[in-house]
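> Fold the following.
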Amino acid sequence: MHGGRFLHSFVHTMRGTFDYVYVMRDDTRWASDDRYTFVVAASEAQISSRQIEEANFLEGRPSSITQFKPHSDFEVWQGSQENVLVTDDFVPVDGMHAPLYLESRFFVN
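Just a heads-up that it's a prediction; the model follows:
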């Protein structure tokens with residue numbers, strides 16, 4: 001699978017602006033960053049899983065399914081491939097997503 005190129009670069013770009021950047025998903029299968037829905041949160045202040053749980057509770061959701069990518073895994077993951085700095089003038093999104101698209105077409109046919 002050709003996963004994660006855009007996600008890596010987006011996180012890399014956000015880390016250049018924000019003190020705290022988090023990658024989250026709804027389970028703990030962090031070994032793969034292939035085609036899946038991730039949430040990236042960036043902030044000037046630290047965010048804890050406890051804060052996410054409290055916010056969910058206040059909104060009437062009894063439990064949170066949000067899982068933060070562990071910090072130790074995050075640093076290894078972020079350094080595992082070349083990261084592109086995404087700017088207003090350079091956003092190679094099509095090229096980053098093309099392998100996923102082509103691969104999905106291969107498996108569908």
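> all strands of this structure, in order?
Counting by DSSP state E, the chain has strands at residues 20-25, 39-43, 67-68.
> can I get the CA coordinates of the second one in CSV?
Only the C-alpha atoms of strand 39-43 are listed here, as CSV (Å, rounded to 0.1, in the frame of the first residue of the first chain):
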residue,chain,number,x,y,z
VAL,A,39,-8.0,13.7,12.3
VAL,A,40,-5.1,16.1,12.6
ALA,A,41,-5.4,18.7,15.4
ALA,A,42,-2.9,21.5,15.8
SER,A,43,-2.8,23.9,18.7
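> Counting by contacts, list what that strand packs against.
Counting contacts by 3 or more Cβ pairs under 8 Å, 6 or more residues apart in numbering; DSSP states H and E, strand 39-43 is packed against helix 5-15, strand 20-25. Any C-beta I mention is one placed from the backbone N, CA and C, and that applies to glycine too.
> Just put the ones you listed in CSV and tack on mean neighbour count.
Output for these, formatted as CSV (neighbours: other Cβ atoms under 10 Å):
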stretch, mean neighbour count
helix 5-15, 19
strand 20-25, 18
